[in-house]
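Visitor: pasted the sequence and its predicted model underneath.
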Amino acid sequence: MGEEERKILHIVTVGTSLLRNASSRISGEVGEKIKRYANASVNSEDDVEAGNSVRGSSEVFKELLKYVTSDHSNCCAELRPLYYYMKSLEGSKASHDIVLFSSDTGAGRLSSAVLESYLQSISGSDLGDIWGLRGQMIRSAERIVVEGLGRNFTDGGYNLILNTKKVLREKQGRERYDEIVSNLTGGFKPESALLMVASGLIGINKSYYIHEFSHELNMIPILPLKVREDVSNVIRKALEKEEPDEIERRILENIGLLSRGQRKLDKNLRKILEALISV
């Protein structure tokens, strides 16, 4: 009897390290464009131009795809930990579904589109000949642009949590996964930290990343969490009204959602809580 294949779902936040790294490796006019895109402010002319380069016929897109193909394990903050995570599974068989969460910026859209294209191009085959990782296979790769991510912390964080919960619900409705993991090395750190906090509530089993100093793969186990029903009820009531009553206020103070003397939930906190406790 052959070895049973494990099924693993990866939630990956995508930043723009691909553009920064590629800008020092790609020369000429294309390299200069990529350098501008990597340093572009949101909604700037360069950022809009980066978003318009999300086409297979774009020279920028083509050169970035070549760069990723030539140096998959070092080209960016997203693929490096993914590669070493799969390497840690050597000796076993596993198939991987990968969901890339992109920021809502031109540079973010370009980076995630290149990574999606590359991962899809190597999907369906054993990675022994491609990445030297026999027994590992990428089964699918898709990207989702998260509205507001990279533009506004509250809106971006809210939509990141909602999108993650939606993906987990839909994927688990079709497939039984042995493990659900997150790769939060790329992307905006505050939003990634928020997703890490939410992970135990929404069904992610562990997170992995490459440490910037030791350059080693680190695994963070995530314990399953559940908000106590009485606390959940208080939070829901507090979200339904303008101002919580005295008893509700004390409970919210005890769990750190209200400061002493504060009478209303912060509007940004309200939105994040709505995402966390929504079904």
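Guide: Nice, I can see it.

Visitor: next, residue 135: phi, psi?
Guide: Dihedral angles phi and psi of residue 135 (degrees, to the nearest 10) take the values phi 100, psi -10.

Visitor: whoops, residue 11 was the one
Guide: Phi and psi for residue 11, reported as degrees, to the nearest 10, are phi -100, psi 120.

Visitor: I'd like to know how many residues surround it.
Guide: Burial measure for residue 11: 25 neighbouring residues, criterion other CB atoms under 10 Å. (Glycine included, C-beta is placed from N, CA and C.)

Visitor: and the gap between it and residue 192?
Guide: To residue 192, residue 11 is 10 Å away according to CB to CB, to the nearest Å.

Visitor: with residue 274 instead?
Guide: Note on residue 274: its distance to residue 192, by CB to CB, is 20 Å.

Visitor: pop the domain breakdown of the protein in here.
Guide: 6-221, 229-277 (automatic domain parsing).

Visitor: hmm, back to that, neighbour count: residue 274 and residue 192, which is higher?
Guide: Relative neighbour count places residue 192 above the other of residue 274 and residue 192, with 22 against 15, counting by other CB under 10 Å.

Visitor: contacting residues around that one?
Guide: Contacts for residue 192 (CB atoms under 8 Å, 6 or more residues apart in numbering) come out as 13, 184.

Visitor: state the distance from it to residue 13.
Guide: With distances defined as CB to CB, the gap from residue 192 to residue 13 amounts to 5 Å.

Visitor: what do these two both touch?
Guide: Taking CB under 8 Å, 6+ apart as the contact criterion, the common neighbours of residue 192 and residue 13 are residue 184.

Visitor: pLDDT on the helix or strand hosting residue 140, on average?
Guide: Residue 140 belongs to strand 133-145 when assigned by DSSP states H and E. When the per-residue pLDDT values of strand 133-145 are averaged, the result is 96.

Visitor: who does the following helix or strand past it touch, helix- and strand-wise?
Guide: Toward the C-terminal end, the helix or strand that comes next after strand 133-145 (DSSP H and E) is helix 153-174. Taking 3 or more CB pairs under 8 Å, 6 or more residues apart in numbering; DSSP states H and E as the contact definition, the neighbouring helices and strands of helix 153-174 are strand 6-14, strand 94-102, helix 189-202, helix 267-277.

Visitor: partner strands of the helix or strand just after helix 153-174, parallel or antiparallel?
Guide: Along the chain past helix 153-174, the next helix or strand (assigned with DSSP H and E) turns out to be strand 179-183. Strand partners for strand 179-183, identified by DSSP bridges, are recorded as strand 6-14 (parallel), strand 206-210 (parallel).

Visitor: quick check: angle from strand 179-183 to strand 94-102?
Guide: 40 degrees (axes from the mean of the first three to the mean of the last three CA atoms, to 10 degrees).

Visitor: run the chain-centre distance for strand 179-183.
Guide: Taking the mean of its C-alpha atoms, strand 179-183 sits 10 Å from the chain's own mean (CA atoms, centre = their mean, to the nearest Å).

Visitor: for it, what is the average pLDDT?
Guide: Within the predicted structure, the mean pLDDT of strand 179-183 is 95.

Visitor: ok, residues contacting that strand?
Guide: Applying CB under 8 Å, 6+ apart, the set of residues contacting strand 179-183 from outside is 6-13, 78, 81-82, 85, 168, 195-196, 199, 203-209.

Visitor: return the most buried member of the domains of the chain.
Guide: Across the domains of the chain, averaging neighbours per residue (mean count of other CB atoms under 10 Å) puts domain 6-221 on top, at a mean of 19.

Visitor: that one: end-to-end distance?
Guide: End-to-end distance for domain 6-221: 18 Å, by CA to CA, to the nearest Å.

Visitor: same check on stretch 213-227?
Guide: Start and end residues of stretch 213-227 are separated by 35 Å (CA to CA).

Visitor: can you tell me the average pLDDT over that stretch?
Guide: Averaging pLDDT along stretch 213-227 gives 84.

Visitor: with stretch 230-238 instead?
Guide: Confidence for stretch 230-238, expressed as mean pLDDT, is 83.

Visitor: residues in contact with that stretch?
Guide: Counting by CB under 8 Å, 6+ apart, the neighbours of stretch 230-238 from elsewhere in the structure are 227, 244, 248, 251, 252, 255, 257, 265, 273, 277.

Visitor: just the element for the fourth one, please.
Guide: Counting by DSSP H and E, the element that carries residue 251 is helix 246-254.

Visitor: much appreciated, bye for now.
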